[in-house]
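Trainee: Everything below, folded, please.
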Amino acid sequence: MTVGVYTITHGPSGRVYVGSSIDIDRRWRNHRWDLRGDRHASPYMQNVWNKHGEGEFLFEVIEECTRAVLTEREQHYIDTLCPDFN
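Mentor: Numbering: from 1, shown residues only. A predicted model of the protein is given here:
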């Protein structure tokens, strides 16, 4: 089980979503489930997914950390990357 911060990136446009989880693998499966079912919490990312397809998205763990600093690290990346999909 990986604890940390991750991104979901639409490769061609570079648009990004930043998230964090205490179980990143499970969280990514949930994202894909929601996106495939057309019910993701981010309507902007859902629209890009629907238009361009799953194959254009990249999932990446950008930092592993402890639970104690998880929210702080996620906020750091949100502030730094200015994600389009959040």
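Trainee: what ranges do the strands span in the protein?
Mentor: Using DSSP state E, the strands found in the chain span residues 4-10, 15-21, 57-64.
Trainee: Let's have those in CSV, adding distance to residue 79 and mean pLDDT.
Mentor: Any C-beta I mention is one placed from the backbone N, CA and C, and that applies to glycine too. Listed next are the strands of the chain as CSV, based on distance: least, CB to CB, whole Å; pLDDT from 0 to 100:
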stretch, distance to residue 79, mean pLDDT
strand 4-10, 12, 98
strand 15-21, 10, 98
strand 57-64, 14, 98
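Trainee: Distance to residue 27 for the ones you listed - can I get that in TSV?
Mentor: Formatted as TSV, the strands of the chain follow (distance: least, CB to CB, whole Å):
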stretch	distance to residue 27
strand 4-10	7
strand 15-21	4
strand 57-64	10
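Trainee: Let me know which of these is the nearest to residue 85.
Mentor: strand 15-21 (3.7 Å; CB to CB).
Trainee: Can you list the strands that that closest one pairs with?
Mentor: strand 4-10 (antiparallel) (DSSP bridges).
Trainee: what is the orientation angle of the strand it pairs with with strand 57-64?
Mentor: 160 degrees (axes from the mean of the first three to the mean of the last three CA atoms, to 10 degrees).
Trainee: how about the nearest residue to residue 50, chain neighbours excluded?
Mentor: residue 38 (6.7 Å; CB to CB, 6 or more residues apart in numbering).
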